[in-house]
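Trainee: How does the following fold in three dimensions:
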Amino acid sequence: MKSMFLACLALVLMVFAGCGTGPDAPSGLTVTSQSPITLSWTAVSGAKNYNVYRGTTSGGLSTKTRLNTSDITTTTYPDTTAAAGTTYYYQVTAVNSDGVSAASNEVSAVAQSSGNTFTVTGSASGSQIVLTWSAVSGAVTYNVWRGTISAAITNKIKIQSGLTATTFTDTGLASGTYYYQVEAVNSSGIPFQVSTESSGLSI
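Mentor: Below is the predicted model:
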(Lines give C-alpha, C1' and ligand atoms only; values in the text may rest on other atoms or scores of the structure.)
Protein backbone atom coordinates (compact mmCIF):
# COMPACT_ATOMS: atom_id res chain seq x y z
CA MET A 1 0.00 0.00 0.00
CA LYS A 2 2.84 2.34 0.90
CA SER A 3 4.58 1.78 -2.43
CA MET A 4 1.29 2.41 -4.27
CA PHE A 5 0.80 5.63 -2.30
CA LEU A 6 4.29 6.81 -3.16
CA ALA A 7 3.75 5.99 -6.82
CA CYS A 8 0.49 7.95 -6.84
CA LEU A 9 2.17 10.86 -5.07
CA ALA A 10 4.96 10.91 -7.64
CA LEU A 11 2.38 10.93 -10.43
CA VAL A 12 0.52 13.84 -8.84
CA LEU A 13 3.75 15.79 -8.48
CA MET A 14 4.59 15.15 -12.12
CA VAL A 15 1.19 16.41 -13.20
CA PHE A 16 1.50 19.57 -11.12
CA ALA A 17 5.05 20.13 -12.36
CA GLY A 18 3.72 20.27 -15.91
CA CYS A 19 0.94 22.68 -15.07
CA GLY A 20 3.12 25.81 -15.02
CA THR A 21 2.95 28.55 -17.55
CA GLY A 22 5.46 29.48 -20.21
CA PRO A 23 7.62 32.58 -19.80
CA ASP A 24 6.61 36.12 -20.62
CA ALA A 25 7.15 37.33 -24.17
CA PRO A 26 10.50 39.07 -24.72
CA SER A 27 10.29 42.85 -24.84
CA GLY A 28 12.52 45.63 -26.08
CA LEU A 29 13.59 43.89 -29.27
CA THR A 30 15.82 46.31 -31.19
CA VAL A 31 18.28 46.33 -34.06
CA THR A 32 21.75 47.38 -32.91
CA SER A 33 23.67 46.92 -36.17
CA GLN A 34 23.08 46.30 -39.88
CA SER A 35 26.44 44.75 -40.76
CA PRO A 36 25.55 42.07 -39.89
CA ILE A 37 22.00 42.68 -38.67
CA THR A 38 22.27 42.23 -34.92
CA LEU A 39 19.30 41.94 -32.57
CA SER A 40 19.08 42.68 -28.85
CA TRP A 41 16.23 42.25 -26.37
CA THR A 42 15.49 42.39 -22.65
CA ALA A 43 16.11 39.21 -20.66
CA VAL A 44 12.96 37.32 -19.60
CA SER A 45 12.77 36.07 -16.01
CA GLY A 46 12.87 32.29 -15.88
CA ALA A 47 13.69 31.82 -19.57
CA LYS A 48 16.17 29.06 -20.35
CA ASN A 49 16.75 30.06 -23.95
CA TYR A 50 15.34 32.03 -26.88
CA ASN A 51 14.38 31.50 -30.52
CA VAL A 52 14.74 34.09 -33.30
CA TYR A 53 12.34 34.22 -36.25
CA ARG A 54 12.80 36.06 -39.56
CA GLY A 55 10.57 36.84 -42.53
CA THR A 56 10.51 39.13 -45.53
CA THR A 57 7.00 40.44 -44.85
CA SER A 58 5.60 42.06 -41.73
CA GLY A 59 3.26 39.90 -39.65
CA GLY A 60 3.05 37.32 -36.89
CA LEU A 61 5.26 34.27 -36.36
CA SER A 62 3.35 32.42 -39.08
CA THR A 63 5.01 34.73 -41.63
CA LYS A 64 8.50 33.89 -40.33
CA THR A 65 10.84 30.94 -40.02
CA ARG A 66 13.09 30.08 -37.10
CA LEU A 67 16.69 31.11 -37.71
CA ASN A 68 18.65 29.48 -34.90
CA THR A 69 19.43 25.78 -35.12
CA SER A 70 20.63 25.59 -31.51
CA ASP A 71 19.36 27.22 -28.33
CA ILE A 72 20.21 30.90 -27.82
CA THR A 73 21.06 31.54 -24.18
CA THR A 74 22.08 35.22 -24.56
CA THR A 75 19.91 38.24 -25.37
CA THR A 76 21.66 39.14 -28.61
CA TYR A 77 21.75 37.47 -32.00
CA PRO A 78 23.71 38.29 -35.21
CA ASP A 79 21.96 37.32 -38.45
CA THR A 80 24.92 36.39 -40.63
CA THR A 81 22.77 34.91 -43.42
CA ALA A 82 20.85 38.10 -44.32
CA ALA A 83 21.23 39.16 -47.96
CA ALA A 84 22.47 42.73 -48.45
CA GLY A 85 19.77 45.20 -49.45
CA THR A 86 16.86 42.97 -48.35
CA THR A 87 14.39 44.13 -45.70
CA TYR A 88 13.79 41.54 -42.97
CA TYR A 89 11.30 41.37 -40.10
CA TYR A 90 12.20 39.72 -36.80
CA GLN A 91 10.54 38.42 -33.64
CA VAL A 92 11.85 36.49 -30.64
CA THR A 93 10.28 33.95 -28.28
CA ALA A 94 11.44 32.80 -24.84
CA VAL A 95 11.48 29.17 -23.72
CA ASN A 96 11.39 27.46 -20.32
CA SER A 97 10.54 23.97 -19.07
CA ASP A 98 6.81 24.80 -19.19
CA GLY A 99 6.65 26.00 -22.76
CA VAL A 100 7.24 28.79 -25.24
CA SER A 101 6.20 32.41 -24.80
CA ALA A 102 4.20 34.58 -27.12
CA ALA A 103 6.23 36.50 -29.68
CA SER A 104 8.06 39.73 -28.95
CA ASN A 105 7.49 43.00 -30.73
CA GLU A 106 8.48 42.97 -34.39
CA VAL A 107 11.45 44.93 -35.75
CA SER A 108 12.73 45.37 -39.29
CA ALA A 109 16.19 45.94 -40.72
CA VAL A 110 17.98 46.11 -44.05
CA ALA A 111 21.22 44.16 -44.21
CA GLN A 112 24.20 46.33 -45.06
CA SER A 113 26.57 44.93 -47.65
CA SER A 114 30.18 44.41 -46.69
CA GLY A 115 32.40 47.26 -47.75
CA ASN A 116 31.35 50.73 -48.86
CA THR A 117 29.29 51.18 -52.00
CA PHE A 118 29.12 54.92 -52.57
CA THR A 119 31.54 57.80 -52.50
CA VAL A 120 31.27 61.28 -51.01
CA THR A 121 33.32 64.09 -52.53
CA GLY A 122 33.67 67.70 -51.50
CA SER A 123 35.07 71.10 -52.36
CA ALA A 124 36.07 73.91 -50.01
CA SER A 125 35.26 77.58 -50.58
CA GLY A 126 35.73 80.28 -47.96
CA SER A 127 34.41 78.95 -44.65
CA GLN A 128 32.22 76.23 -46.15
CA ILE A 129 32.54 72.78 -47.71
CA VAL A 130 30.08 71.45 -50.29
CA LEU A 131 29.59 67.66 -50.30
CA THR A 132 28.02 65.55 -53.05
CA TRP A 133 27.32 61.83 -53.53
CA SER A 134 25.30 59.51 -55.74
CA ALA A 135 21.81 58.37 -54.78
CA VAL A 136 21.74 55.00 -53.01
CA SER A 137 19.09 52.43 -53.93
CA GLY A 138 16.67 51.98 -51.03
CA ALA A 139 17.72 55.19 -49.29
CA VAL A 140 15.01 57.63 -48.19
CA THR A 141 17.25 60.08 -46.34
CA TYR A 142 20.93 60.60 -45.54
CA ASN A 143 22.98 61.49 -42.46
CA VAL A 144 26.24 63.42 -42.65
CA TRP A 145 29.14 62.82 -40.26
CA ARG A 146 32.25 65.01 -39.82
CA GLY A 147 35.62 64.58 -38.15
CA THR A 148 38.90 66.45 -37.96
CA ILE A 149 41.04 63.32 -38.41
CA SER A 150 40.76 60.39 -40.79
CA ALA A 151 38.85 57.74 -38.82
CA ALA A 152 35.86 55.39 -38.81
CA ILE A 153 32.39 56.92 -38.81
CA THR A 154 31.95 56.07 -35.13
CA ASN A 155 34.76 58.53 -34.36
CA LYS A 156 33.02 61.37 -36.19
CA ILE A 157 30.16 63.66 -35.14
CA LYS A 158 26.77 63.53 -36.87
CA ILE A 159 26.18 67.07 -38.12
CA GLN A 160 23.07 66.55 -40.24
CA SER A 161 20.28 63.96 -40.46
CA GLY A 162 17.16 63.49 -42.56
CA LEU A 163 18.59 64.89 -45.79
CA THR A 164 16.59 64.00 -48.88
CA ALA A 165 19.05 65.56 -51.33
CA THR A 166 22.42 64.11 -52.34
CA THR A 167 24.32 67.29 -51.54
CA PHE A 168 25.07 69.17 -48.32
CA THR A 169 26.84 72.43 -47.53
CA ASP A 170 28.70 72.58 -44.22
CA THR A 171 28.98 76.26 -43.33
CA GLY A 172 30.72 78.44 -40.74
CA LEU A 173 33.79 76.24 -40.49
CA ALA A 174 36.95 77.32 -38.70
CA SER A 175 40.32 76.96 -40.37
CA GLY A 176 41.36 73.33 -40.47
CA THR A 177 41.02 70.01 -42.30
CA TYR A 178 37.80 68.01 -42.26
CA TYR A 179 36.79 64.46 -43.18
CA TYR A 180 33.22 63.36 -44.00
CA GLN A 181 31.11 60.23 -44.38
CA VAL A 182 27.45 59.83 -45.31
CA GLU A 183 24.95 57.21 -44.11
CA ALA A 184 22.09 56.02 -46.31
CA VAL A 185 18.89 55.54 -44.27
CA ASN A 186 15.96 53.31 -45.28
CA SER A 187 12.20 53.89 -44.90
CA SER A 188 12.29 52.34 -41.40
CA GLY A 189 14.74 55.02 -40.27
CA ILE A 190 17.66 52.58 -40.09
CA PRO A 191 21.09 53.39 -41.60
CA PHE A 192 22.01 50.55 -43.94
CA GLN A 193 25.00 51.76 -45.92
CA VAL A 194 27.98 54.01 -45.22
CA SER A 195 29.97 55.94 -47.79
CA THR A 196 33.71 55.96 -48.16
CA GLU A 197 35.47 58.72 -46.30
CA SER A 198 36.09 61.95 -48.18
CA SER A 199 39.64 63.07 -48.68
CA GLY A 200 40.80 65.71 -46.25
CA LEU A 201 39.15 69.02 -47.14
CA SER A 202 40.94 72.11 -45.85
CA ILE A 203 39.58 75.56 -45.06
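Trainee: So, low pLDDT: which residues of the protein?
Mentor: Residues of the chain meeting the criterion pLDDT under 70: 1-20, 35, 113-116.
Trainee: Please enumerate the helices of it.
Mentor: Counting by DSSP state H, the chain has these helices, from start to end: 2-17.
Trainee: Spatially central, which residue of it would that be?
Mentor: The geometric centre of the chain, computed from its C-alpha atoms, lies nearest to residue 31 (Cα atoms, centre = their mean), at 2.3 Å.
Trainee: And that one, how close does it get to residue 69?
Mentor: For residue 31, the distance to residue 69 equals 22 Å [Cβ to Cβ, to the nearest Å]. Just so you know, the C-beta spots here come from the backbone N, C-alpha and C atoms, and that holds for glycine as well.
Trainee: Skipping adjacent residues, who's closest to residue 26 in space?
Mentor: The spatially closest residue to residue 26, leaving aside those adjacent along the chain, is residue 104, at 4.0 Å (Cβ to Cβ, 6 or more residues apart in numbering).
Trainee: you'd agree that neighbour is up against residue 23?
Mentor: No - if you go by Cβ atoms under 8 Å, residue 104 and residue 23 don't touch, sitting 11.4 Å apart.
Trainee: More neighbours: which of the two?
Mentor: residue 104 (25 against 22; other Cβ atoms under 10 Å).
Trainee: Contact partners for residue 53?
Mentor: 61, 64, 65, 66, 67, 90, 91, 92, 93, 103 (Cβ atoms under 8 Å, 6 or more residues apart in numbering).
Trainee: Give me the PyMOL select line for the residues you listed, limited to the buried ones.
Mentor: To isolate the buried members of those in PyMOL, using 16 or more other Cβ atoms under 10 Å:
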select buried, resi 61+64+67+90+91+92+93+103
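Trainee: quick one: which of the contacts of residue 53 is nearest to residue 151?
Mentor: When the contacts of residue 53 are compared for distance to residue 151, the smallest value, 31.1 Å, is given by residue 90; criterion: Cβ to Cβ.
Trainee: beta partners for that closest one?
Mentor: Beta-bridge pairing of residue 90 under DSSP bridges involves residue 54, residue 107.
Trainee: Distance of it relative to residue 81?
Mentor: Residue 90 is 13 Å from residue 81, by Cβ to Cβ.
Trainee: cool, residue 101 as well?
Mentor: On the measure of Cβ to Cβ, residue 101 and residue 81 end up 24 Å apart.
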